[in-house]
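Visitor: here is my input; please provide its structure:
(4 chains)
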There are 2 protein chains.
Amino acid sequence: MNTANTGLAEERFRKIRACLKERGVVSVDELCEVVAVSGATIRRDLAELDARGHVRRVHGGAVCTESQLDEPVFDDKAKIAADEKHVIAELAFKLVAPNDTIFLDGGSSVLALARLLTDMRKLTVVTNSLRVAGLLASAGPRMIIVGGELRRISQTFVGPLTKPTIKQLNVDKAFMGTIGLKDGVMTTTDPAEAMTKEMVMEQARDVYLMADSSKLEKVSFVKCGELNASNSLITDSGISSKQMKLLKEKGTKVITKSKQEKKGK
Amino acid sequence: MNTANTGLAEERFRKIRACLKERGVVSVDELCEVVAVSGATIRRDLAELDARGHVRRVHGGAVCTESQLDEPVFDDKAKIAADEKHVIAELAFKLVAPNDTIFLDGGSSVLALARLLTDMRKLTVVTNSLRVAGLLASAGPRMIIVGGELRRISQTFVGPLTKPTIKQLNVDKAFMGTIGLKDGVMTTTDPAEAMTKEMVMEQARDVYLMADSSKLEKVSFVKCGELNASNSLITDSGISSKQMKLLKEKGTKVITKSKQEKKGK
DNA sequence: TCATTAATAATCAAATATAATCATATTTGA
DNA sequence: TCAAATATGATTATATTTGATTATTAATGA
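Guide: Numbering: from 1, shown residues only, chains lettered A, B, ... in the order given. As a prediction, this is how the structure comes out:
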């Protein structure tokens, strides 16, 4: 009955949203070129996407509502579920030794950890996150950035150019973020991002995945790693017992606040 | 003369906010230049941004209200001699073609150039400057960062770790800063910084040294390059005729703003 | 204080973008 | 296959945005 969902229009919607996610703001003219369609159609599409809440229509084009890109970097996703993220960051912080060399990935939980490290002058931080770099720019640990191409949505440097830097470095601990984690498999939205994550984890003695419980059971596009006996998950107490059991079977250590407390430190 | 302006209000808002974040305070006139739009429009935009709470309007311009918590409190040389630097940046900007791949070094003149590039979506910028990266983080050209260790005083990534990234890349033009330039010899304070500068210049087809006249005649610690027939100096009109003659002998092209061009308001 | 200068607000015409309308092309269901 | 329904692009009328012009208002200094 509704022929609108035959795929063609939705395909345009997907393109428009992808374009917006990448750029933050796009004009109708630019979208005409990208989608190869007339202005009238773009306007109709934008009206629909605006009604769905996927974009915000402005005179001359549209603004992305999905990513916080056009929002100031300091007011961001980190505020949502900030409490859980802070708890996770605190748990991770306890694992960092003063003279360690650690890797910090992108993602808000990891960023929360970075915030706790500003006094650790002997620490060496390796990162591919522009946010982390900005945070530790003026003072703090020795900082090394991984070369690569900026992925604006995640504000991380990713892709093949990250390889030569990463392969030269060995870190004691890698603190990783993820978009999804289901059945012990980490997934993310971008292949280049996934590639970099995998390389980093190879160079780390210990890998810690920092994921609040909203990430658990979620599946994204590209696989970027797998939890096993040689790495750990740091999460909040919202983890299901089913997940817990599954990870235990795999030999993955799960670190949560409640567990720490039960063990008596 | 400026690049094709999309004319999207939101795009202007983003630029204004970026400019404010960078400088803290900015005048309406300055914003007119940066955004390439009339005073009336800037005033209307500032009124809107003030209503949204993103900036605070004051007589003659606006001040930044957004928390600078995460921002590096990097004492900015850019505020000193800002006019000369802006002139130099404009001269350099004219040399950038839409599809170029360019390298941007650290230093305030180069940073001023970066500020002019936010509309050039087809450009590829390679940089080792955290400041440049921060400036182009939310929108603008394709951006690639060079891996390396952060040197806090210059906010650049330098040293041996920069080698693998740099050696993989070839750029059309490299825009370089320097601490000192005397007798055509560039010097800087740090060996690691010098090393990276030299490597970058090797990978560039054309090298442009951006140095305001206060840098001329100055000598610092480590040599990091030499001006010759295959590269150019972009500077202000404060350059001495003696320097000019010397550089001409070496075959270096000197680019300054001619007096005819300089008639302002 | 007042005079002077600079900045702003208000107004209006030109340039742009949008919405409404209609003709054409495409898809769907028989 | 056809006819009905829908989507698209072109056209035109309407609305919005912009920059120039002009009055007002605010800042500055003697």
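Visitor: now do the helices in the stretch 151-265 of chain A.
Guide: A:163-168, A:191-202, A:241-250, A:257-263 (DSSP state H, counting those that start in this stretch).
Visitor: what are the buried residues along the shortest one?
Guide: Which is helix A:163-168. Neighbour counts over helix A:163-168 (16 or more other C-beta atoms under 10 Å in any protein chain shown) mark A:163, A:164, A:165, A:166 as buried. C-beta here means a position set from N, CA and C on the backbone, and glycine is covered the same way.
Visitor: comparing the helices of the stretch 151-265 of chain A, which gets the lowest mean pLDDT score?
Guide: Among the helices of the stretch 151-265 of chain A, helix A:257-263 carries the lowest mean pLDDT, at a mean of 54.
Visitor: where does pLDDT dip in chain A?
Guide: A:1-8, A:66-82, A:258-265 (pLDDT under 70).
Visitor: middle-most residue in it, spatially?
Guide: residue A:107 (3.9 Å; C-alpha atoms, centre = their mean).
Visitor: isn't it up against residue A:178?
Guide: Yes: between residue A:107 and residue A:178 there is a contact under C-beta atoms under 8 Å: 7.2 Å.
Visitor: and chain A, what are its domain boundaries?
Guide: Under automatic domain parsing, the residue ranges defining each domain of chain A are A:3-64, A:77-263.
Visitor: measure the residue nearest to residue A:224 when sequence neighbours are not counted to DNA strand D for me?
Guide: Leaving aside its sequence neighbours, residue A:224 sits nearest to residue A:194 (C-beta to C-beta, 6 or more residues apart in numbering or on different chains; 3.7 Å). The spacing between residue A:194 and DNA strand D, counted by C-beta to the nearest atom of the strand, to the nearest Å, is 32 Å.
Visitor: quick check: residue A:194 vs DNA strand C, distance?
Guide: On the measure of C-beta to the nearest atom of the strand, residue A:194 and DNA strand C end up 35 Å apart.
Visitor: now for that residue: which residues touch it?
Guide: Contact analysis of residue A:194 by C-beta atoms under 8 Å, 6 or more residues apart in numbering or on different chains lists A:187, A:188, A:222, A:223, A:224.
Visitor: any idea how far residue B:99 is from it?
Guide: Residue A:194 sits at a distance of 29 Å from residue B:99 (criterion: C-beta to C-beta, to the nearest Å).
Visitor: hang on, the earlier thing: nearest to residue B:218, of the domains of chain A?
Guide: Distance to residue B:218, taken as C-beta to C-beta, is lowest for domain A:77-263 among those, at 25.8 Å.
Visitor: the helix or strand hosting residue A:17 to helix B:9-23, inter-axis angle?
Guide: For residue A:17, the host element (DSSP states H and E) is helix A:8-23. Angle, helix A:8-23 to helix B:9-23, by axes from the mean of the first three to the mean of the last three C-alpha atoms, to 10 degrees: 20 degrees.
Visitor: next SSE after helix A:8-23?
Guide: strand A:25-27.
Visitor: chain center to that following strand, what's the gap?
Guide: The chain centre lies 24 Å from the centre of strand A:25-27; the measure is C-alpha atoms, centre = their mean, to the nearest Å.
Visitor: is DNA strand D within reach of it?
Guide: No: using C-beta under 7 Å from any atom of the strand, we find that strand A:25-27 stays clear of DNA strand D, coming within 11.1 Å at best.
Visitor: now tell me what touches that strand from outside.
Guide: So strand A:25-27 is in contact with A:16, A:19-20, A:34, A:58, A:60-64, A:70, B:6-8, B:10-11, B:14, B:139, going by C-beta under 8 Å, 6+ apart.
Visitor: go through whichever helix or strand comes after that strand and flag the buried ones.
Guide: As assigned by DSSP H and E, the chain's next helix or strand after strand A:25-27 is helix A:28-35. For helix A:28-35, a neighbour-count test (16+ other C-beta under 10 Å) marks A:28, A:30, A:31, A:32, A:34, A:35 as buried.
Visitor: how about the residue in the stretch 51-200 of chain A that DNA strand D sits nearest to, what does it touch?
Guide: Of all residues in the stretch 51-200 of chain A, residue A:59 sits closest to DNA strand D, at 3.9 Å by C-beta to the nearest atom of the strand. Shown in contact with residue A:59 (C-beta under 8 Å, 6+ apart): residue B:9.
Visitor: likewise for residue A:251?
Guide: Contacts of residue A:251 (C-beta under 8 Å, 6+ apart): A:228, A:229, A:230.
Visitor: ramachandran coordinates for the first one?
Guide: The main-chain torsion angles of residue A:228 are listed as degrees, to the nearest 10 and equal phi -150, psi -160.
Visitor: now for it, how many residues are close by?
Guide: By the criterion of other C-beta atoms under 10 Å in any protein chain shown, residue A:228 has 12 neighbours.
Visitor: now it: how far from DNA strand D?
Guide: 47 Å.
Visitor: who touches the closest residue to that residue other than its chain neighbours in this structure?
Guide: Nearest residue to residue A:228, sequence neighbours excluded (C-beta to C-beta, 6+ apart): residue A:250, at 5.6 Å. Listed by C-beta under 8 Å, 6+ apart, the contact partners of residue A:250 are A:184, A:227, A:228, A:229.
Visitor: of those, which is the most crowded?
Guide: residue A:227 (23 neighbours).
Visitor: do you know how far it is from residue A:218?
Guide: For residue A:227, the distance to residue A:218 - C-beta to C-beta - is 14 Å.
Visitor: same question for residue A:86.
Guide: On the measure of C-beta to C-beta, residue A:86 and residue A:218 end up 21 Å apart.
Visitor: same thing with residue A:207?
Guide: For residue A:207, the distance to residue A:218 - C-beta to C-beta - is 19 Å.
Visitor: check residue A:156 too.
Guide: 19 Å.
Visitor: where exactly do the strands run in the stretch 1-150 of chain A?
Guide: A:25-27, A:55-58, A:61-64, A:101-104, A:124-127, A:142-145, A:148-151 (DSSP state E, counting those that start in this stretch).
Visitor: remind me what the last one packs against, helices and strands.
Guide: In this structure, strand A:148-151 makes packing contacts with strand A:156-158, helix A:191-202, strand B:142-145, judged by 3 or more C-beta pairs under 8 Å, 6 or more residues apart in numbering or on different chains; DSSP states H and E.
Visitor: dump these to TSV, plus distance to residue A:238.
Guide: As requested, these are exported to TSV (distance: least, C-beta to C-beta, whole Å):
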stretch	distance to residue A:238
strand A:156-158	25
helix A:191-202	23
strand B:142-145	35
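Visitor: so which of the ones you listed is the most packed in?
Guide: strand A:156-158 (a mean of 27; mean count of other C-beta atoms under 10 Å in any protein chain shown).
Visitor: contacts for that strand?
Guide: With C-beta under 8 Å, 6+ apart, strand A:156-158 has contacts from A:105-106, A:128-130, A:145-151, A:190, A:192-193, A:195-196, B:144-145.
Visitor: distance from it to the middle of the chain?
Guide: Per C-alpha atoms, centre = their mean, the centroid offset for strand A:156-158 relative to its chain is 11 Å.
Visitor: sorry, back to before: which one's more surrounded, residue A:86 and residue A:218?
Guide: A count of neighbours by other C-beta under 10 Å puts residue A:86 above the other of residue A:86 and residue A:218, at 17 against 13.
Visitor: thanks a lot, catch you later.
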